[in-house]
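In: Predicted structure and sequence below. I'll ask about it afterward.
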There are 2 protein chains.
Amino acid sequence: MNVTGHTRRPASIRDVATAAGVSYQTVSRVINGHPSVKPTTRDRVLAAIDELGFRRNATALALASGRTRAVTVLTANTTHYGYASILRGVEEAARAASYAVGIGVLESADETAVAAEVQRAADAGGGLIVIAYDPAGVAALGAVPAELPVVGVVETPASPPGGDRPWVWADDREAAYQATRHLLALGHETVHYVAIPSSTRRTSARTAGWRQALREAGAPEPRPVQSSWGPAGGHAAGLRLAKDPAVTAILCGNDDLALGVLRALHESGRSVPGEVSVAGFDDAPHSAYLTPSLTTVRLDFTGLGRAAFALLHGVLEEAVQVAPHPVSEPELVVRESSGPPPGGVQRRPPA
Amino acid sequence: MNVTGHTRRPASIRDVATAAGVSYQTVSRVINGHPSVKPTTRDRVLAAIDELGFRRNATALALASGRTRAVTVLTANTTHYGYASILRGVEEAARAASYAVGIGVLESADETAVAAEVQRAADAGGGLIVIAYDPAGVAALGAVPAELPVVGVVETPASPPGGDRPWVWADDREAAYQATRHLLALGHETVHYVAIPSSTRRTSARTAGWRQALREAGAPEPRPVQSSWGPAGGHAAGLRLAKDPAVTAILCGNDDLALGVLRALHESGRSVPGEVSVAGFDDAPHSAYLTPSLTTVRLDFTGLGRAAFALLHGVLEEAVQVAPHPVSEPELVVRESSGPPPGGVQRRPPA
DNA sequence: GCCCCCCATGTGACCGGTCACAATCCTGGC
DNA sequence: GCCAGGATTGTGACCGGTCACATGGGGGGC
């Protein structure tokens, strides 16, 4: 097996063919599992493949056949828990299907920057998965040329800006609805909301679910506090909300925001959950270990990533079309950060 | 610009050549910036390129020239802060150099699984960056065939198992040393250490730095508590350490472990930093917002990723070799979780 | 005015696979 | 024993670029 010392270039199908005493086309048939190859011949070819350590050149395959077996994930953020988990899900599914996974980061939502990044992803060949939870992602999804196979991971199911592209989504609306109902059921008069940046100018799914729960309960609807993605934004928002003694329950657009809010409440001397209840969103790994541990809604991001890949895989190989949303339901996880409002129940919990 | 409705395949250099009335080779020269092309001709070609929306086919380029302009990052984990940040740094630098970035996840340290993943990465063409902080990563680095260009992101600089491969590293030893000295300087008799899983059977760099600081101070050297990567491991370790009233200072292998330790101390009724001081490692984004906020050592993971790419880039293109460790020094960040031991200073702080 | 050389451009082969089609072998039916 | 037809195998062209070399034209040195 490669006894000669000097680096030689890897064996091609013609090398294998020579070694096995057949034509290159026969080798091609063997590696593609074509049925009409005599067993004897096949064995000889396989032996030669083994001996030369032959591996099919993916580049040549892609050029000759057009099949690329690659996916590029376009995302605005790789360190954030939700995004990273989606990426992980994609990678998992892609690995199982022996697809290569590429990644492109959308540094800004600027139109030309986004277009450049989409181009770069397109150049890589294969399919695209765009995480369109934020303005940059939404812009990217919109900028994908029509002929490119793409799947969006979107916030709202109703026809996203990307048009008729296939998509997957987690039911953020339902998740926010559940979390809000939980807080209301504890007896809070209303629930304030610290929002992550919206992906579109329209109301986000999370905001919508929160509002729906308030409305159904006949609770007052405070203005949502627009914030950022990270704990710093939550901290700033939390400081503002802490000043208002009427605030007894806060829902946050994600767990990082909730962390910042918790910190702000602590600094303002308001106890959680004694005076104020806080709920997050996503169930990031650290949320269970905070003090107080964080009530939140768990979303199956990994499953979402897997689903996105499955869908794209179906598009690329015209195999069985996967059902568009096989992702598990959001699950409310009640921990220490939520409890009844101070001074007992202020309004009747719903029957 | 592509007025016809039906999807047509993208323009090739021959299409451009025909449109510009030159040969395909001239087009090739223009897109490669070859000097000897008459300006008039160049302009005509550029116009044709623009009109047809020509983009050079990366696959064909790779096949014909061997240059791939791609990096694959092999890592055991994508959601963990440090890993994700390294990946981000690589992506950033790669984008600037217009390289494509691929990602492969090492699901287990099992030899055949690792070998398969390395093969997959090799098939993608281009260079490899292996994050070798853990057994799976170390195994992967070792399994990379000699002829493949690879850079390791390693824990300890001294000849890693990968042999003479180029590598980058953050000075974990120095970082642990600083953190430990900080705690000792506050007056703690000694510092306990909750360790992340070691990448090799040998003592990790972080453990070594911690031990060195203890030794220099003549402090007792407790056995390090072996743990995992996540908060759950830190929690378990913290519960054990909390039982021992002699424990007044704990250094953790990363911020997630520290989070678990903080939680365990809280559950055990021991106040931080009143009774016990805790320090972490990495300065993850949430650490500043914990209650108490976490004293930790900031490491420039993003810079590490950028450096890894720069090094690989040098190897791939035989450009100027980059200095092997241009990564910034670790920086101690003192926050609320560390303070003097209960009952005042128990030993003299070093002069 | 001639020759040499460089500038500008074109031609053919090749990278390592695939595809479409042709050519051979072998077998059964009559 | 002859022929049709499926099973095997081989040949040439092609994917979209690059590389090595050939070719035609114009300017400077003499």
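Out: Arrived safely, thanks for sending.
In: now the most centrally placed residue in chain A: how far from A:Phe309?
Out: Residue closest to the average C-alpha location in chain A (CA atoms, centre = their mean): A:Ile86, at 3.1 Å. In this view, A:Ile86 and A:Phe309 are 10 Å apart by CB to CB, to the nearest Å. C-betas here are computed from N, CA, C, even on glycine.
In: tell me the contacts of the one residue in the stretch 201-350 of chain A that gets nearest to DNA strand C?
Out: Closest residue of the stretch 201-350 of chain A to DNA strand C, CB to the nearest atom of the strand: A:Glu317 (12.5 Å). If a contact means CB atoms under 8 Å, 6 or more residues apart in numbering or on different chains, then A:Glu317 has no contacts.
In: mind checking pLDDT for it?
Out: Model confidence at A:Glu317, given as pLDDT, is 82.
In: returning to that earlier point: my guess is the residue nearest to the centre of chain A meets A:Gly305, correct?
Out: Yes. Contact criterion CB atoms under 8 Å: A:Ile86 and A:Gly305 qualify, at 4.1 Å.
In: and for those two, which residues touch both?
Out: Both A:Ile86 and A:Gly305 are contacted by A:Val153, under the criterion CB under 8 Å, 6+ apart.
In: which strands and helices sit next to the helix or strand bottoming out on mean pLDDT in chain A?
Out: The weakest-scoring helix or strand in chain A, judged by mean pLDDT, DSSP states H and E, is strand A:167-169 (a mean of 88). Contacts defined by 3 or more CB pairs under 8 Å, 6 or more residues apart in numbering or on different chains; DSSP states H and E place strand A:167-169 against strand A:150-154, helix A:301-317.
In: Give me the buried stretch members for stretch A:38-49, please.
Out: For stretch A:38-49, the neighbour count (16 or more other CB atoms under 10 Å in any protein chain shown) marks A:41-42, A:44-46, A:48-49 as buried.
In: would a markdown table of these with secondary structure, pLDDT and distance to B:Glu221 be doable?
Out: Shown next, in a markdown table, are the buried residues of stretch A:38-49 (DSSP: H, G, I helix; E, B strand; the rest coil; pLDDT from 0 to 100; distance: CB to CB, whole Å):
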| residue | secondary structure | pLDDT | distance to B:Glu221 |
| --- | --- | --- | --- |
| A:Thr41 | helix | 93 | 67 |
| A:Arg42 | helix | 94 | 63 |
| A:Arg44 | helix | 94 | 64 |
| A:Val45 | helix | 95 | 62 |
| A:Leu46 | helix | 95 | 58 |
| A:Ala48 | helix | 95 | 59 |
| A:Ile49 | helix | 96 | 56 |
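In: Of those residues, which pair is most distant in space?
Out: Distance extremes for the buried residues of stretch A:38-49: the farthest pair is A:Thr41 and A:Ile49 at 12.5 Å, using CB to CB.
In: Between those two, which contacts overlap?
Out: In terms of CB under 8 Å, 6+ apart, A:Thr41 and A:Ile49 are both contacted by the residues A:Val30.
In: what ranges of the stretch 1-150 of chain A fall below the confidence cut-off?
Out: Applying pLDDT under 70 to the stretch 1-150 of chain A flags residues A:1-8.
In: and with 50 instead?
Out: Applying pLDDT under 50 to the stretch 1-150 of chain A flags residues A:1-6.
In: could you pull out the strands for it?
Out: With strands called from DSSP state E, counting those that start in this stretch, the stretch 1-150 of chain A shows them at A:70-75, A:100-105, A:127-132, A:150-154.
In: so which of these comes closest to chain B?
Out: Chain B lies closest to strand A:100-105 among these, at 5.0 Å (CB to the nearest CB).
In: Taking their axis directions, the closest one and strand B:70-75 sit at what angle?
Out: Here strand A:100-105 runs at 100 degrees with respect to strand B:70-75, directions being taken by axes from the mean of the first three to the mean of the last three CA atoms, to 10 degrees.
In: Counting by contacts, list what strand A:100-105 packs against.
Out: strand A:70-75, helix A:81-96, helix A:111-123, helix B:81-96, strand B:100-105.
In: Up against chain B, what does the stretch 51-200 of chain A have?
Out: Contact residues, the stretch 51-200 of chain A versus chain B (CB under 8 Å from any CB of the partner chain): A:55, A:57-60, A:62-63, A:68, A:78-79, A:81, A:84-85, A:87-88, A:91-92, A:95, A:98, A:100-105, A:107, A:117, A:119-120, A:122-125, A:146-147.
In: Contacting DNA strand C as well, which ones from the residues you listed?
Out: When contact is defined as CB under 7 Å from any atom of the strand, those meet DNA strand C at A:55, A:57, A:60, A:63.
In: farthest-separated two in the residues you listed?
Out: Across these, the two members that end up farthest from each other (CB to CB) are A:Arg55 and A:Leu63, 16.2 Å apart.
In: List the contacts of A:Val71.
Out: A:90, A:94, A:99-102, A:126-129, A:309, A:312.
In: Closest to DNA strand D out of the residues you listed?
Out: Looking across those and measuring by CB to the nearest atom of the strand, the closest to DNA strand D is A:Gly126, at 15.0 Å.
In: count of neighbours near that closest one?
Out: 22 (other CB atoms under 10 Å in any protein chain shown).
In: One more: the one 4 residues further on?
Out: Counted by other CB under 10 Å, the residues lying close to A:Val130 total 33.
In: wouldn't it be in contact with A:Ala143 here?
Out: No. Between A:Val130 and A:Ala143 there is no contact under CB under 8 Å: 9.2 Å.
In: the helices in chain A, which residues?
Out: Using DSSP state H, the helices found in chain A span residues A:13-20, A:24-31, A:39-52, A:58-65, A:81-96, A:111-123, A:135-143, A:172-185, A:205-216, A:231-242, A:255-267, A:301-317.
In: and those, which is most packed in?
Out: Highest mean neighbour count among those (mean count of other CB atoms under 10 Å in any protein chain shown): helix A:255-267, with a mean of 26.
In: Who are the packing partners of it?
Out: helix A:231-242, strand A:249-252, strand A:277-279.
In: Can you lay out these as a markdown table showing mean pLDDT?
Out: A markdown table is the format used below for these (pLDDT from 0 to 100):
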| stretch | mean pLDDT |
| --- | --- |
| helix A:231-242 | 97 |
| strand A:249-252 | 98 |
| strand A:277-279 | 98 |
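In: right, so of those, which gets closest to A:Gln212?
Out: Smallest distance to A:Gln212 across those (CB to CB): 12.6 Å, for strand A:249-252.
In: List the neighbouring strands of that closest one plus their orientation.
Out: In the sheet, strand A:249-252 lines up against strand A:192-195 (parallel), strand A:277-279 (parallel) (DSSP bridges).
In: For DNA strand D, give me its nearest residue in the stretch 251-351 of chain A.
Out: A:Leu316 (17.8 Å).
In: on that earlier part again, could I get the helices and strands packed on strand A:167-169 as TSV with distance to B:Leu214?
Out: Listed next are the helices and strands packed on strand A:167-169 as TSV, based on distance: least, CB to CB, whole Å:
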stretch	distance to B:Leu214
strand A:150-154	48
helix A:301-317	41
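In: quick revisit: wait, which of the helices of chain A is closest to B:Thr112?
Out: Across those, closest to B:Thr112 is helix A:81-96 (CB to CB), at 14.3 Å.
In: How far does that closest one sit from its chain's centre?
Out: 7 Å (CA atoms, centre = their mean, to the nearest Å).
In: just stretch A:208-222 next, same as before
Out: 27 Å.
In: circling back: which one of the helices and strands packed on strand A:100-105 lies closest to DNA strand D?
Out: Of the helices and strands packed on strand A:100-105, nearest to DNA strand D by CB to the nearest atom of the strand is helix A:111-123, at 10.2 Å.
In: Pull out the CA atoms of the closest one and give them to me as CSV.
Out: Output in CSV follows, covering the C-alpha atoms of helix A:111-123 (Å, rounded to 0.1, in the frame of the first residue of the first chain):
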residue,chain,number,x,y,z
GLU,A,111,-27.7,44.6,0.8
THR,A,112,-24.5,44.3,-1.2
ALA,A,113,-22.8,42.4,1.6
VAL,A,114,-25.6,39.9,1.8
ALA,A,115,-25.6,39.5,-2.0
ALA,A,116,-21.9,38.8,-2.0
GLU,A,117,-22.3,36.2,0.7
VAL,A,118,-25.1,34.5,-1.2
GLN,A,119,-23.0,34.5,-4.3
ARG,A,120,-20.1,32.9,-2.4
ALA,A,121,-22.5,30.2,-1.1
ALA,A,122,-23.8,29.7,-4.6
ASP,A,123,-20.3,29.3,-5.9
